[in-house]
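1. Structure for the following, please:
(chains A and B)
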Amino acid sequence: MKSWSWLAGAALAVLAFGTAEAQETPRKGGVLRMTAPYAASFGSLDPHVTPRAQDDIVNKAIHRTLYNWDTKEGKLVLELAKSVSVSADGLTYTYKLRDDALFHNGRKMTADDIIWSFTRIMDGSKGYPAARYVRVIKGAVDVEKGQAKEISGLKKIDDFTLEMTITDRVDPGYYFFAGSTAILPKEEVEKGNFASNPVGLGPFKFKEHIPGSRVSTERFDKFYKAGKPYLDRVDVMIMAEAAARDVAFRNKEIDTSILGPAQYVAYRADPQLSKGILEVAEMFTRSMHINLSSIKPFQDKRVRQAINYAIDSNLIISRLVKDKAYRATSWLPPSAAAFDKTMKAYPFDPEKAKKLLAEAGYPNGFEFEWTTSQNESWGLPIVEAVIPMLAKVGIKAKPKLVEVTVLTELLMKGEHQSLIASSLTGPDSLATLRCYYSKTPRTACNYTGFNNPEFDKLLDDAAQEGDMAKREELLKKANNLLYEEAPVWFFNYNKAVLAYQPWVHGLQANPTEITHQYPEDIWVDAKSPAK
Amino acid sequence: MLLVLGRRLANVIPTLLAVIALVFLLFSVLPGSFISGMNEDGRSTIDPAVMERMRKEMGLDDPLLERFGKYVAATVTGDLGTSFRTREPVTKMLSNRIWPSLKLVLAAMTFAIAVGVTLGFLAALRPGSWIDTASMVGAISGLSLSQFWFGLMLMYLFALKLQWLPSFGYGDGGLRHLILPAIALGVGPMALLARTTRAAVLDVLNADFVRTARSKGMSERRVVEWHVLRNALVLVITIVGLQFGSLMGQAVVVEKLFAWPGVGSLMVDSVFQRDMPTVQGCILMIVLFFLAINTLVDLAYVVIDPRIRYQ
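-> Presented below is the predicted three-dimensional model:
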């Protein structure tokens, strides 16, 4: 916890776990009972309609996207295509699609399905959330604006060859692995009740949805990966209440459960339960966004650095967050390719904080308002613990409590002085760092109003760089510069913890979202009590 | 009877309109919107252009009065709008949830009446006895219990320790999954009914007409069956009606705890995500249920107490 080596050790442990799992022979059959913990219902089973993590838990079983996140490799891989070639200018991608991917209605997927799905997403009258991804394809914006009916950047060469021209030199994998870009069969969607009867390309067919209770799926025997899936059925049970999940898990009524800080402590202390814990540093950075244009002291880098030095983040993580987080050493999370493993977090050094404040012209400190929600891991309890630490260096923070739903709106309006929140910081490092690009509006994600020409240049150069290794190096420099400029208090990266029963095998420590498992890889042994 | 029914129904319409207006205005002044709420603790991001389109699609930029007018006009025709979150008709979402909610409320009330009224009656017939003391201690405890805590204790005991019942979920809709949430929801009304029944029966037992009946040589059993029970029932039915009507609204905590797919859990989710059409639909449903039960209780008075019939 105290150093980067701890996190590396945890990553190795996860890797070792994966290897050990791979040596066992998967058993066919059985039922997996996963949990959906983020709300008391699913938004929609039509993946284009919903960007929510909760809904993607089911989507991973029923639907498929052009790319997938490979946890073992730690990178994006092709899912619905066998290969891809890129033009010299890095803007045209030619995909050789799988010719063995069948929808659950028995029809083979072709290039037309991808074109239709992306065109549907760009229907400007609907405001489909994934439009933000598809917009990277040339001509997609014209469809969104109603100026064209087809996306000019998508061209069918033949049934199983698709040419995609994009507008920026980015890796399209980052755009087309999100569940909300799933490839759907037009004929099924046009029937009009797709959300009640979803049909996809995934390893499991939709069986039943009891709204507010569960979704049941059953094995799709014609799934394109040979021998998979192993399970007969995957049930996703809605369980928003942590205490209830705990009882159900201990009672062996569910096979996986997300743990909160209090449960994490209890499970780690239990000799049996501690054997079934999967941990990963998810791509979420918890931080206090400092609105640089709100009050004068915040415009001085030394003041922002002083805040980082004045807070004993390690103490808060161990005492309040119960070690269910990794100390943030910069903005990008450890799973990002551009993450600098040699970086060290701001040490707790109140004397240095005082010195910096004095140098900046605030020897007696200053006062600011700190907007927060009630969240136990990055909300009011954290703010209350930090206030006395800041007070010791003369900074007076006044908490302002708001509902979590309001946070994003406040950030977009820029009416906050500072605001503590959890931000998605991966897997696309370039897109993540663009939240600090001076031309990125506050309404997009430049919530601090950061404006630094050196940072902008690094991002511009990275965006133009065709060599991926060089690009990552530039992004690493940008991330390090961000650390130095400290437009936020770098608090922690979420440590997502998934408890699983001893009979469950093949789970992956997915850093993009640990609840998003690829159920075709999961199997249960004969000890599973589920029927 | 018809007059009572007519009067009650005439009151329903303004009550419903007031509730609709209140909920609509409340959600209009609350900070945050469905679109900003989609961020979901930083787990999802929506870009500004998409947000703009969604706002237009959902009519969130229209003037408040215009939106309210449209909503009332549609509601009158039975159209409760389209959910922001699922993009499905709210009536369809509610139709999926109403039966589990009714089932839970009916089961909870059955438990409350069966246990509460019986305990109250026994306690009143033997005041000062151990039954009286035990049932009243139980009643006071039941009134003080937090549904959440009590539900967890039920889960712990009957699911985890005794392994008799499942701890959560709807299962196949059978009785096994219903028992624990119904008890958790019914314990409050049960306690209230026990205390009310005891007080009502004691009151009637000391009434002049009961003394007269006894002095005429009527057996104690006959006194209780003919005089006490019927007279005490008026007060008990009032409490049953009020509790029954409000139970669907109270079920929110229990439904969420036990992952029960009722109207309450749908409403909570929709409130947090600012899915206004769904929240309004849920509240409308709960209010309608409350008003319907109250109307039925008013009619029951007429049947039970002939004096009310002639007023």
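2. which residues touch the closest residue to chain A within the stretch 101-250 of chain B?
-> Using Cβ to the nearest Cβ, the closest approach of the stretch 101-250 of chain B to chain A is made by B:Tyr170 at 4.1 Å. Any C-beta I mention is one placed from the backbone N, CA and C, and that applies to glycine too. B:Tyr170 sits next to A:210, A:212-214, B:100, B:177, B:259-261 when contact means Cβ atoms under 8 Å, 6 or more residues apart in numbering or on different chains.
3. which secondary element of the chain has the worst mean pLDDT?
-> If you meant another chain, say so; for now it's chain A. The helix or strand of chain A with the poorest confidence is helix A:4-22; it has a mean of 45 (mean pLDDT, DSSP states H and E).
4. other chain: chain B
-> Bottom-ranked secondary element of chain B by mean pLDDT, DSSP H and E: helix B:306-309, a mean of 64.
5. Could you report the neighbour count for A:Leu259?
-> By other Cβ atoms under 10 Å in any protein chain shown, the residues close to A:Leu259 number 27.
6. SS state for the nearest residue to it once chain neighbours are set aside?
-> Distances taken as Cβ to Cβ, 6 or more residues apart in numbering or on different chains put A:Val497 closest to A:Leu259, at 4.3 Å, once the chain neighbours are dropped. Taking DSSP: H, G, I helix; E, B strand; the rest coil as the rule, one finds A:Val497 in the strand state.
7. what residue ranges in the stretch 1-150 of chain B score low on pLDDT?
-> B:1, B:36-47 (pLDDT under 70).
8. Which stretches in it count as strands?
-> Here the stretch 1-150 of chain B has no strands by DSSP state E, counting those that start in this stretch.
9. Backbone dihedrals for the residue in the stretch 201-311 of chain B that chain A sits nearest to, please?
-> For the stretch 201-311 of chain B, the residue positioned closest to chain A under Cβ to the nearest Cβ is B:Pro261, at a distance of 2.9 Å. Backbone torsions of B:Pro261, given as degrees, to the nearest 10, read phi -80, psi 60.
10. Contact residues of the stretch 151-300 of chain A facing chain B?
-> Contact residues, the stretch 151-300 of chain A versus chain B (Cβ under 8 Å from any Cβ of the partner chain): A:195, A:210-214, A:237-241, A:243-244, A:247-248, A:250-251, A:253, A:284.
11. Let's see which of the residues you listed end up in strands.
-> A:210, A:214, A:237-238, A:284 (DSSP state E).
12. coming back round to it: the residue of the stretch 201-311 of chain B closest to chain A: what's it in contact with?
-> Contacts of B:Pro261 by Cβ under 8 Å, 6+ apart are A:41, A:210-213, A:238, B:96-97, B:100, B:170, B:255.
13. Pull the number of nearby residues for A:Gly90.
-> The burial count for A:Gly90: 17, using other Cβ under 10 Å.
14. wait, isn't it in contact with A:Gly466?
-> Yes. Taking contacts as Cβ atoms under 8 Å, A:Gly90 lies within contact range of A:Gly466: 5.0 Å.
15. Now do the shared contacts for these two.
-> Joint contacts of A:Gly90 and A:Gly466 (Cβ under 8 Å, 6+ apart) are A:Arg169.
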